[in-house]
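*Asks:* Okay, here's the prediction I keep looking at, along with the sequence it came from:
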Amino acid sequence: MTISQLSRKNIQALTPYQSARRLGGKGDVWLNANEYATSPDLNLQNRTFNRYPEAQPQKLIEHYAAYAGVKAENVLVSRGGDEGIELLIRAFCEPEQDTILYCPPTYGMYAVSAETCGIQSKTVPLTADFQLNLAEIEKNLEGVKVVFVCSPNNPTGNLLKRADLVALLEMTRDRAIVVVDEAYIEFCPQATMANELANYPHLAIIRTLSKAFALAGLRCGFTLANPELINVLQKVIAPYPIPVPVSDLACQALDSNGLAAMHNRAEEVLQYRTWLINELQPLPIVEQIFSSEANYILVKFQNGTNVFNTLWDQGIILRDQNKALGLSNCIRITIGSEQENRRVIEAVRAISAK
Ligand SMILES: *Cc1c(COP(=O)(O)O)cnc(C)c1O
């Protein structure tokens, strides 16, 4: 038997997450991972490297709780939001028995994490306007332990209606966990569901420092939930998941200066987003620009593959969504620096002029 054949059957069958980095490309304009264009300038302050870190660094937990408007007991910190997603699946789904449910087109990690854990997925596609199909979700809840929804949704950019999220929470009470992925909530903070935690013991919210905090390289994310749910996740997380330098730098990102910088960044991104939309709108090869509440826009072109490949060859790396459910000819474009956004417009304009 080869080593591959020795691996679990579901791992043999698994297509790993096509992360922006894994897809490669030789670009100088990276607009495919919803990162921020430049790095915050942070320096290590805690230089105690010989000791294991605190399992859940208290100062970091308190900083994030204060920022999110919840109590420290409502916060779990993990290796990126992605680890939070996996912990929820591992803690709540019985392998070969329970399932997760998610609503494509959406973030790819729900499916990949479930598959890695030997958990089946059920999918209930979003409606034509990228909202939840509540009637279909309700019909499909049998055996479902965790429902993943994403708002603002990646890659479409829109918010899910608050009334629908509340209806989903009502219909799943005492049956399943509802995970609301708020990776992009800093770009539309009023939409958070964090203020619903008091009403719903089965609500979990995924957060991250990778997007508006400009710290994707840090690998730091959070799960917000009620203490009973947080305690379940504490049982399955690794003993020392957060390296000392990570909590040190994350605390700085969440102090008053760090938060002010984040708010400025988010505001700047929204201005650039408006500029990019206004420049793209009149171009004849642009069929539709979907409205976005996040730091990226989804654009439908006449020939998406041609646009994607042409820009790729010029070192402008975007995220092709052509294969995502219902998104043929669509490309997701991260809002970059002013100069990066100009490069995109010039390149798309050149194709339009041909
Ligand atoms: C980026 C992202 C995450 C989390 O990313 P991490 O870098 O692991 O914190 C989670 N959900 C969505 C929808 C994302 O786009």
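*Replies:* Cool, got the structure. Numbering: from 1, shown residues only.
*Asks:* Show me the strands in this protein, by range?
*Replies:* 29-30, 75-78, 99-102, 120-123, 144-150, 177-181, 203-208, 221-224, 286-289, 296-301, 316-317, 319-320, 330-334 (DSSP state E).
*Asks:* Show me what the longest one is packed up against.
*Replies:* The one in question is strand 144-150. For strand 144-150, the elements it packs on are helix 80-92, strand 99-102, helix 162-172, strand 177-181, judged by 3 or more Cβ pairs under 8 Å, 6 or more residues apart in numbering; DSSP states H and E. Bear in mind the C-beta positions are built from the backbone N, C-alpha and C, glycine included.
*Asks:* got the contact list for the shortest one?
*Replies:* Judged by Cβ atoms under 8 Å, 6 or more residues apart in numbering, the contacts made with strand 99-102 from elsewhere in the structure are 89, 93, 110-111, 114, 119-124, 137, 140-141, 143-149, 176.
*Asks:* filter those to the buried ones?
*Replies:* Using 16 or more other Cβ atoms under 10 Å as the burial test, these include 89, 93, 110-111, 114, 119-124, 137, 140-141, 144-149, 176 as buried.
*Asks:* Tell me the spacing between Gly118 and the ligand.
*Replies:* 21 Å (Cβ to the nearest ligand atom, to the nearest Å).
*Asks:* now for the helices and strands packed on strand 144-150, which one comes closest to Gln302?
*Replies:* Closest approach to Gln302 among the helices and strands packed on strand 144-150 (Cβ to Cβ): strand 99-102, 29.9 Å.
*Asks:* close to the ligand, is that closest one?
*Replies:* No - judged by Cβ under 6 Å from any ligand atom, strand 99-102 and the ligand are separated, with a smallest distance of 10.9 Å.
*Asks:* Within the sheet, what are the partner strands of that strand, with directions?
*Replies:* Here strand 99-102 is paired, per DSSP bridges, with strand 120-123 (parallel), strand 144-150 (parallel).
*Asks:* Make a markdown table from the ones you listed and add mean pLDDT and distance to the ligand to it.
*Replies:* What follows is the strands paired with strand 99-102, written out as a markdown table (pLDDT from 0 to 100; distance: least, Cβ to the nearest ligand atom, whole Å):
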| stretch | mean pLDDT | distance to the ligand |
| --- | --- | --- |
| strand 120-123 | 97 | 16 |
| strand 144-150 | 98 | 5 |
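*Asks:* Point out the residues in the chain that sit beside the ligand.
*Replies:* Checking the chain against the ligand by Cβ under 6 Å from any ligand atom, the hits are 34, 80-82, 107, 150, 154, 181, 183, 206, 208, 210-211, 216, 221.
*Asks:* For those residues, which two are the farthest from each other?
*Replies:* Across the residues of the chain next to the ligand, the two members that end up farthest from each other (Cβ to Cβ) are Cys150 and Ala216, 17.3 Å apart.
*Asks:* higher neighbour count, those two?
*Replies:* More crowded of Cys150 and Ala216, by other Cβ atoms under 10 Å: Cys150, with 25 against 18.
*Asks:* Would you map out the domains in this structure?
*Replies:* The chain breaks down by the TED database into domains covering 3-37+258-353, 58-255.
*Asks:* Pick out the shakiest of these, pLDDT-wise.
*Replies:* Note on the domains of the chain: lowest mean pLDDT is at domain 3-37+258-353, with a mean of 94.
*Asks:* how about the residue in the stretch 51-200 of the chain that the ligand sits nearest to, what does it touch?
*Replies:* Nearest residue of the stretch 51-200 of the chain to the ligand, counting by Cβ to the nearest ligand atom: Gly80, 2.6 Å away. By Cβ under 8 Å, 6+ apart, Gly80 lies in contact with Thr208, Ser210, Arg219, Cys220, Gly221.
*Asks:* One more: Tyr272?
*Replies:* Contacts for Tyr272 (Cβ under 8 Å, 6+ apart) come out as Ile335, Gly336, Glu338, Asn341.
*Asks:* Figure out the length between the terminal residues of stretch 34-43.
*Replies:* Using Cα to Cα, to the nearest Å, the end-to-end distance of stretch 34-43 comes to 24 Å.
*Asks:* Mind listing what's buried along that stretch?
*Replies:* In stretch 34-43, counting by 16+ other Cβ under 10 Å, buried: Asn34, Glu35, Tyr36, Ala37, Pro40, Leu42.
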